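Peer 1: generate a structure from the sequence data that follows.
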Amino acid sequence: MPVINRVAALADEVTEWRRDIHAHPETAFNEHRTAAVVADKLRAFGVDEVVTGVGRTGVVGVIKGKKAGGGKTIGLRADMDALPLSEETGLAYASQNPGAMHACGHDGHTAMLLGAAKYLAETRNFSGTAVVIFQPAEEGGGGGREMVQEGLMTRFGVEEVYGMHNMPQIPIGHWAIRPGSLMAAADTFEVKITGKGAHAARPHESLDPVVAASHMIIALQTIAARNVNPLDSIVVSVTAVETGKAFNIIPQTAVFRGTVRTLKKETRELAQKRITDIVSSLATAFGVKADLDYLIGYPVTINHEKETGFAIEVAREVSGEANVVTDTPPLMGAEDFSYMLEERPGAYIFIGNGATAGVHNPAYDFNDAAIPYGVSFFARVIEKAAA
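Peer 2: Here you go, the predicted structure:
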């Protein structure tokens, strides 16, 4: 079964919704307008129950099937938040909110799930229940965690949960997925080094935090190079360094921060231990004080085997077998849909966005040509899983 005819007929309307959301981006936990638009549309569609304020600014809609039988309750999730980024597309519907931009396609995800909700509320060609989940704060805010901690899954009786994300450079109408680890865990760290400042011409009177920081930063690279199996995956990146500004002063303090990305629990734990050991031992060696702040972030996004097979089946129905990659390599980016997959079986799939700029880029724009495929996928997940 290809793109659903009724969905194809809705494509222009869904595109209008998407572009309106794009023009009014809101960052993590500030999605007040977006949430209101979503809730109003769900009510207008005749969705049976619309609940706002889930996970602070999230929205959940419940659609009950009309076929006889006791079908499953299936969750479908889209993220709503934008990035703190200034748009450079020059589009007629470009961001009207300075410093905020839908640079990751969450406007497209939200619009596609709204399209699926409208179709499902009209047709109700299933016996179970569809739970449409519009999540805030995916971009670092942990909105998925917030919704789960508020009892999302038990409150709405969700038995399985599915989500998708657009992927630039994958052709329109194509899909990519894999069972198991699909996206990485993401942790962050910050190290503040306190030494003793001095005149740059008298370095022997200092305890130089810049030299200590430099050795720590280089040593952290040995975690991937010498501590982790080369066949495993890990990223340890120092992304910011802050210290003195004068050419003739050795500063008192230095700060550096970065991220750790891993695909296995054991590797994640090893990285934290090695960073702690390296920072501590080199601080002692250089006679400085080092304070490490290590924050555990999003867990690994792990697709469940059975549900991944089901998602593949649905994607093949929509686009054809040749257009679904079932063993795509894992990505070292992170995704807080992982919290939902820790609570319930399900799967996360990538939908092609065509030859566009990459996500988190000021020139990026969601490709509206993907809309019929994404809406059809969401709709068919419900019609098959909640049959």
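
Peer 1: how many other residues sit next to Gly320?
Peer 2: For Gly320, the count of nearby residues is 12 (other CB atoms under 10 Å). Glycine gets a C-beta too; all of them are placed from N, C-alpha and C.

Peer 1: separation between it and Gly173?
Peer 2: Remark: distance between Gly320 and Gly173 (CB to CB, to the nearest Å) = 8 Å.

Peer 1: which residues does the closest residue to Arg18 other than its chain neighbours contact?
Peer 2: In this structure, Arg18 finds its nearest non-sequential neighbour in Ala111, 3.6 Å apart by CB to CB, 6 or more residues apart in numbering. Ala111 makes contacts with 14-15, 17-18, 21, 371, as judged by CB atoms under 8 Å, 6 or more residues apart in numbering.

Peer 1: now the residues you listed in a markdown table, please, with extra columns for neighbour count, distance to Leu85 and pLDDT.
Peer 2: A markdown table is the format used below for those (neighbours: other CB atoms under 10 Å; distance: CB to CB, whole Å; pLDDT from 0 to 100):
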| residue | neighbour count | distance to Leu85 | pLDDT |
| --- | --- | --- | --- |
| Val14 | 24 | 24 | 98 |
| Thr15 | 19 | 22 | 98 |
| Trp17 | 22 | 22 | 98 |
| Arg18 | 24 | 18 | 98 |
| Ile21 | 27 | 16 | 99 |
| Ile371 | 27 | 23 | 98 |
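
Peer 1: just send those back as JSON lines, with secondary structure and distance to Gly53 too.
Peer 2: Below are these laid out as JSON lines (DSSP: H, G, I helix; E, B strand; the rest coil; distance: CB to CB, whole Å):
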{"residue": "Val14", "secondary structure": "helix", "distance to Gly53": "25"}
{"residue": "Thr15", "secondary structure": "helix", "distance to Gly53": "28"}
{"residue": "Trp17", "secondary structure": "helix", "distance to Gly53": "21"}
{"residue": "Arg18", "secondary structure": "helix", "distance to Gly53": "24"}
{"residue": "Ile21", "secondary structure": "helix", "distance to Gly53": "19"}
{"residue": "Ile371", "secondary structure": "helix", "distance to Gly53": "28"}
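
Peer 1: could you identify the most distant pair in those?
Peer 2: Between any two of these, the greatest separation by CB to CB is 12.5 Å, found for Ile21 and Ile371.

Peer 1: buried sites along stretch 321-328?
Peer 2: Residues of stretch 321-328 classed as buried by neighbour count (16 or more other CB atoms under 10 Å): 323-326, 328.

Peer 1: from those, which land in strands?
Peer 2: Mapping these onto strands (DSSP state E) picks out 324-325.

Peer 1: ok, of the buried residues of stretch 321-328, which one's closest to Thr284?
Peer 2: Thr328 (44.4 Å).

Peer 1: dump the residue contacts of the closest one.
Peer 2: 176-178, 182, 350.

Peer 1: most surrounded residue in these?
Peer 2: Going by other CB under 10 Å, Leu182 tops the contacts of Thr328 with 28 neighbours.

Peer 1: I'd say it and Pro299 touch.
Peer 2: No: Leu182 is beyond contact range of Pro299, at 11.8 Å (criterion: CB atoms under 8 Å).

Peer 1: sticking with Arg261, tell me its helix or strand.
Peer 2: strand 253-262 (DSSP states H and E).

Peer 1: so what are the domain limits for this structure?
Peer 2: 5-183+300-385, 185-295 (automatic domain parsing).

Peer 1: I'd assumed Glu87 was in a helix, is it?
Peer 2: No: Glu87 is assigned coil when assessed by DSSP: H, G, I helix; E, B strand; the rest coil, not a helix.

Peer 1: the strand holding Arg261: how far from the chain's middle?
Peer 2: Here the centre of strand 253-262 is set off from its chain's centre by 21 Å, with CA atoms, centre = their mean, to the nearest Å.

Peer 1: before we move on, the earlier item: what secondary structure does the residue nearest to Arg18 sit in?
Peer 2: What three-state DSSP gives for Ala111 is helix.

Peer 1: ok, back up a step: so which of the contacts of Ala111 is the closest to Lys41?
Peer 2: Nearest to Lys41 among the contacts of Ala111 is Trp17, at 7.3 Å by CB to CB.

Peer 1: the closest one and Asp40, how far apart?
Peer 2: 11 Å.

Peer 1: thanks again, I'm all set now.
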